[in-house]
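**Q** Need a 3D model of the following:
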Amino acid sequence: MRLLAVALTLSFAGFAAASAQTATPDSENGRYSFNPVADGVLRLDTRTGQVSQCSRSDAGWACKVVPDERSALETEIARLQGENATMKKELLSHGLPVPGVSPPSGAKPGEGEIKLPSDADIDKVVSFVEKVWRRLIDMGRKVQQDVEKKN
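**A** Presented below is the predicted three-dimensional model:
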């Protein structure tokens with residue numbers, strides 16, 4: 001009786017091992033991770049991050065790539081980075097400053113720098129302000145005199 005139980009156990013273990021081998025595809029030395037789903041298994045490629053849905057057919061296992069939003073997002077990011085670089089080049093070519101980007105080394109002197117007024121320009125402005133101030137003071141005196149005359 002014991003011999004029969006051992007034989008049945010070995011047969012069952014062999015059957016389970018054989019059916020386990022045919023139930024899921026080879027994992028290629030741990031590269032792939034498998035998770036059971038209703039129609040087969042999901043295969044995760046641990047090197048690339050790509051997910052595929054694998055199902056068994058008459059010809060064997062077939063895996064179809066699951067659409068990935070990540071690749072669409074990476075494509076959009078690359079497009080925006082290219083567009084951003086183009087806009088920065090365009091701004092620099094027109095002599096406009098770009099935040100975080102220094103002007104090219106071949107830029108003309110004085111380009112993109114603040115031009116300070118000369119001493120002559122400052123003297124003109126000071127003279128103008130002085131004239132305006134004197135006129136304002138004179139107007140104040142006249143108003144004060146007019147008020148005193150009326151009192």
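
**Q** how many other residues sit next to Cys63?
**A** 18 (other Cβ atoms under 10 Å). Every residue, glycine included, has its C-beta placed from N, CA and C.

**Q** buried sites along the host helix or strand of Pro36?
**A** Per DSSP states H and E, Pro36 falls inside strand 32-37. Going by neighbour count (16 or more other Cβ atoms under 10 Å), the buried part of strand 32-37 is Tyr32.

**Q** Show me the strands paired with it, marking each as parallel or antiparallel.
**A** Sheet pairing for strand 32-37, assigned by DSSP bridges, gives strand 40-45 (antiparallel).

**Q** how near is the spatially most central residue of the chain to Ala85?
**A** When the chain is reduced to its mean C-alpha position, the nearest residue by Cα atoms, centre = their mean turns out to be Ile77, at 6.2 Å. In this view, Ile77 and Ala85 are 13 Å apart by Cβ to Cβ, to the nearest Å.

**Q** Could you list the low-pLDDT ranges of this protein?
**A** The model of the chain has pLDDT under 70 over residues 1-28, 102-113.

**Q** what about 90?
**A** Under the criterion pLDDT under 90, the flagged ranges of the chain are 1-34, 38-39, 43-52, 56-75, 88-89, 91-116, 149-151.

**Q** buried ones in the helix or strand that contains Trp133?
**A** Assessed by DSSP H and E, Trp133 sits inside helix 119-150. With burial defined by 16+ other Cβ under 10 Å, not one residue of helix 119-150 is counted as buried.
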